[in-house]
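Enquirer: predicted model and sequence follow; I will ask about them next.
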Amino acid sequence: MKMQNNPEGLGIYVHIPFCVRKCNYCDFLSFTAAKETKEAYFDALKREMDSYCGAGHQKPRTIYFGGGTPSSVEPEYIEDILCHMKKCFSIDIWKQLEVTLEVNPKTVDSKKWKQYKQMGINRISMGLQSTHEEELKLLGRIHDYDDFLESFYEAREAGFDNISVDVMAALPGQSLEKYKETLERVVLLQPEHISSYSLIVEEGTPFEKLYGEGAPKEHMLPDEELDRKMYQLTQKLLKDHGYHRYEISNYAKPGRESKHNSSYWERIPYIGLGLGASSFFDGKRYQNTSDMKQYLKHSQDRNIRVVEEEVIGRKEAMEEFMFLGLRKTKGVLKSDFKHFFGTEMENIYGTVLKSLSAQQVLIEEEDVVRLSEYGLDVSNMVLSHFLLEEER
Amino acid sequence: MIEQSKIRNFCIVAHIDHGKSTLADRIIEKTGTLTSREMQAQVLDNMELERERGITIKAQTVRIVYKAKDGEEYIFNLIDTPGHVDFNYEVSRSLAACEGAILIVDAAQGIEAQTLANCYLALDHDLEILPVINKIDLPSAEPDRVKAEIEDVIGLDTENAPLISAKMGLNIEDVLEQIVQQIPAPSGELNAPFKALIFDSIYDAYKGVIVFCRVFDGRVKKGTRMRMIATGAEADVVEVGTFGAGQFIPCEELTAGMVGYITASIKNVRDTRVGDTITDADNPCDEALPGYKKVNPMVYCGMYPADGSKYPDLRDALEKLQLNDASLQYEPETSIALGFGFRCGFLGLLHLEIIQERLEREYNLDIVTTAPSVIYKVYKTNGEVIEITNPSNLPDPSEIDHMEEPIVSAEIMVTTEFVGPIMTLCQERRGVYLGMEYIETTRALLKYDLPLNEIIYDFFDALKSRSRGYASFDYELKGYEPSTLVKLDILINKEEVDALSFIVHSETAYERGRKMCEKLKTEIPRHMFEIPIQAAIGSKVIARETVKAMRKDVLAKCYGGDISRKKKLLEKQKEGKKRMRQVGNVEIPQQAFMSVLKLDEE
């Protein structure tokens, strides 16, 4: 029995692995590339898309161009992909779709913005990270605060009325004050959506060598106490300015939550196109190769392109329902659980719910199960309880 | 039949690491019992564990034929003895089976605590002692100094003492010749009733118990109805034989003076206690050989399977180990924190460690042990006297009149520069100073009475670290003495954890309680709530630490590409929890239960 709880639609993610330069903390698949590689890549993307044509799937509801820096390539490439997608996935009414493009300051100009608008992009996610020059430098960003402001205004001018801004907390040496300033400056611009992430020092990044475990500057990272203060500040300050927290790191004005990202936590199927992209489709989670040469050559051939695959059975689906759904501040519904799995949540997770409620990290309110504020802070520990024993 | 005049029964005694097993191997090799190709290093240390640790745990015996320079062939029975104070009784029984002993002394280190202890033990049994200076190949070897030391301290003539290197195979011939010339032949009565000493016994799945014995008088063969005098057990002899290297060689009969084995379909080594006398049930000897005693465990601890469902496996494993080891005791017990397990009794801490390692290696079990305890005698106000091996069973203080704890007489040999630190250590451990003897000008023998419960934790480690490894140590049980002891309880998140309780002297209780709390604070991971750790005597809390609540444990980003990774992370977290013990709301890692053992680590 397939356990797909996809009430509506399909998400499509397109990975653009190109950047002007790689940031010091970034562990995403991205690099600078020559024109020929880009051309070959977009060809390969279209071939991969073709392999999905005609497969019995739901109508796309959201499209998301992530990276890398999708805005660093010529807009024509993006447009070409969108056109191809329209045919391939039989999209007729563009308006109802959420089509997001990740943009970094200093890679766009007013001409590009107009093109994006025309081709049907209707949501922008801008990577700002900080409004302080020294922090931007530390992160290895190519832009300064002014570059961001310029891009932001240009986007507004071009008619974009759904913009998200990314900022980062818990940067090395960052004080609560500095972080607060960044937030205050951002809310003055009144974007529709703000994401704030605590820095994660990822393996294999330049940051790991500096701030990783046992590295010389590890002590520069804010301690847990300060990190939590930053999160609490984020919540309070953004709330005061009309943003509500709807997920661990995401804040939005009413109705402006990211539909695409929410679909990950709601287990709506998605197709990830491109190098190293992940999909949740046809009852499986799988990932494309991260080897560019291989991808360019074999993107149309699922057997070669897909390198990791996991079948999501009933047990896995239940686990995901809980550990993904509980990332959302509104939590999950017991009635949904019953609807998808045909059994009461208590039958599977009764003891876990009880013990976590007793520890005040989980809140049960009639049909709703959600994490408390503290439960969100220690969510890994809480969510690990929802993994089930192997069925025999 | 073998003439007694051609038999030499001897053992080798030495301080640990002075080369006992290596010399035994060389003797076996030289006499051609095995070719060097067949020799696996240290033939006599059979168990993997013995070879690894370089210690002998069970007595081993080998029969060797040596063609001496006088042209005659001699039978050597070499009985290799255990080399640790925990097994002193076994050593004494092995010695009782011999007429002579080779005393090995390291040419660089000279006499050590166990050299003396073992040598005196051998003298007690009227053995002819043959001093041998080993490791003369070492650059730091000073054979002349060591010879003088042996003459001064022990009073043995060392003029003819062979100077050897067992490792290099140097001058082994000298040792062999001296065995023939110096060690007396046995002189039993062939026609007297059968009389033999059990110096070891092992369990074999096919043959049942195999008794290792030394025949003093008479003879034994297949069909003899044998009786163990102390245990009263009787059985018909199925097979007798002698010891090859690593194998049993059946023979017609064992006669006075011989060393060999007997099998008789005996099911349990408890019927064939080391030190007991065997005789012929139909024609018994007048009296038993002297020196038998039932050895009792001195150190107890709880042993629990890390995985509760492995309880039956642990029981089976202990049962099997006990077949071979009469001194191992166990009985079921339960702990609120650790579930079902066993209270096990051991001869000493090394014995405990060996059993634990064997359970883990040979039986593939993950074991959680609680802090070791000694046997306390509790005199209750109602006149009753009880023995306590598990701190949890201590009666309420209002019912206790007074308590007694076991005391050992200890001898510590140390170079003079470390006398100060070692005396400090002994004082810290409530030692009573009895005296000091100088052995030469550079070394001293310290004598102390020490409470056993102060040395079963980490005394040996502390001794080594405070003397840069030079101190050596030997002890024997002296008796019981009254002591002001208290039970120290550990409360985690306000709940008493029975498996962490221990009995301690009232003066050191505060210090131990504090260290225990500090240690547990580092062992217990942070939870979603604050966890107080308290040490208490009765209702009085004497130390407290707090494990702070986890503030942050969150993955900031979880989008399409992160989901599989996120799940792996959560799985890892869950896996870690499995290796924990749940006490109330708190998960305690298993190694925390052993942390009491290592309180003195800096």
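Expert: Structure received. Residues are numbered from 1 along each chain as shown, chains lettered A, B, ... in the order given.
Enquirer: quick one: low-confidence residue ranges for the stretch 101-250 of chain B.
Expert: For the stretch 101-250 of chain B, the stretches flagged by pLDDT under 70 are B:245-246.
Enquirer: the same query, at a cut-off of 50, please.
Expert: Along the stretch 101-250 of chain B, segments meeting pLDDT under 50 are nowhere present.
Enquirer: and the strands in it, which stretches?
Expert: B:128-134, B:195-204, B:208-217, B:219-221, B:225-228, B:234-236, B:239-244, B:247-251 (DSSP state E, counting those that start in this stretch).
Enquirer: redo those as TSV? Include mean neighbour count.
Expert: Just so you know, the C-beta spots here come from the backbone N, C-alpha and C atoms, and that holds for glycine as well. Output for these, formatted as TSV (neighbours: other CB atoms under 10 Å in any protein chain shown):
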stretch	mean neighbour count
strand B:128-134	23
strand B:195-204	23
strand B:208-217	24
strand B:219-221	20
strand B:225-228	20
strand B:234-236	16
strand B:239-244	19
strand B:247-251	13
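Enquirer: phi, psi of the residue most central in space within chain A?
Expert: For chain A, the residue nearest the mean C-alpha position is residue A:261 (5.4 Å; CA atoms, centre = their mean). Main-chain torsions, residue A:261, degrees, to the nearest 10: phi -60, psi -40.
Enquirer: JSON lines for the strands of the stretch 101-250 of chain B, including distance to residue B:258?
Expert: Formatted as JSON lines, the strands of the stretch 101-250 of chain B follow (distance: least, CB to CB, whole Å):
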{"stretch": "strand B:128-134", "distance to residue B:258": "19"}
{"stretch": "strand B:195-204", "distance to residue B:258": "9"}
{"stretch": "strand B:208-217", "distance to residue B:258": "5"}
{"stretch": "strand B:219-221", "distance to residue B:258": "9"}
{"stretch": "strand B:225-228", "distance to residue B:258": "15"}
{"stretch": "strand B:234-236", "distance to residue B:258": "20"}
{"stretch": "strand B:239-244", "distance to residue B:258": "7"}
{"stretch": "strand B:247-251", "distance to residue B:258": "9"}
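Enquirer: any residues touching stretch B:131-148, and which ones?
Expert: B:14, B:18-19, B:22-23, B:102-108, B:110-111, B:150, B:156, B:158, B:161-168, B:170, B:175 (CB atoms under 8 Å, 6 or more residues apart in numbering or on different chains).
Enquirer: buried only: go through those residues for me.
Expert: B:14, B:18-19, B:22-23, B:102-108, B:110-111, B:150, B:156, B:158, B:161-166, B:170, B:175 (16 or more other CB atoms under 10 Å in any protein chain shown).
Enquirer: in helices only, show me those.
Expert: Taking DSSP state H, the ones among the buried ones among the contacts of stretch B:131-148 that sit in helices are B:22, B:23, B:150, B:175.
Enquirer: just the element for residue B:332, please.
Expert: For residue B:332, the host element (DSSP states H and E) is strand B:329-335.
Enquirer: ramachandran coordinates for the nearest residue to residue B:590 once chain neighbours are set aside?
Expert: Closest residue to residue B:590 apart from its sequence neighbours, by CB to CB, 6 or more residues apart in numbering or on different chains: residue B:368 at 4.7 Å. When read as degrees, to the nearest 10, the backbone of residue B:368 gives phi -110, psi 120.
Enquirer: ok, now residue B:451?
Expert: Dihedral angles (degrees, to the nearest 10) for residue B:451: phi -70, psi 130.
Enquirer: for it, name its beta-bridge partners.
Expert: Beta-bridge partners for residue B:451, by DSSP bridges, are residue B:407.
Enquirer: so it makes contact with residue B:430?
Expert: Yes - look at residue B:451 against residue B:430 with CB atoms under 8 Å: they come within range, at 5.4 Å.
Enquirer: what do these two both touch?
Expert: In contact with both residue B:451 and residue B:430: residue B:505, using CB under 8 Å, 6+ apart.
Enquirer: alpha carbons of whichever strand or helix holds residue B:449, as CSV, please.
Expert: Here residue B:449 sits within strand B:443-451, counting by DSSP H and E. Written as CSV, here are the backbone C-alpha positions of strand B:443-451 (Å, rounded to 0.1, in the frame of the first residue of the first chain):
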residue,chain,number,x,y,z
ARG,B,443,64.9,-0.1,48.5
ALA,B,444,62.5,-0.5,51.3
LEU,B,445,59.7,-2.9,52.3
LEU,B,446,56.8,-1.0,53.8
LYS,B,447,54.3,-2.9,56.0
TYR,B,448,50.8,-1.7,56.5
ASP,B,449,47.5,-2.9,57.6
LEU,B,450,44.9,-1.7,55.1
PRO,B,451,41.2,-2.0,54.9
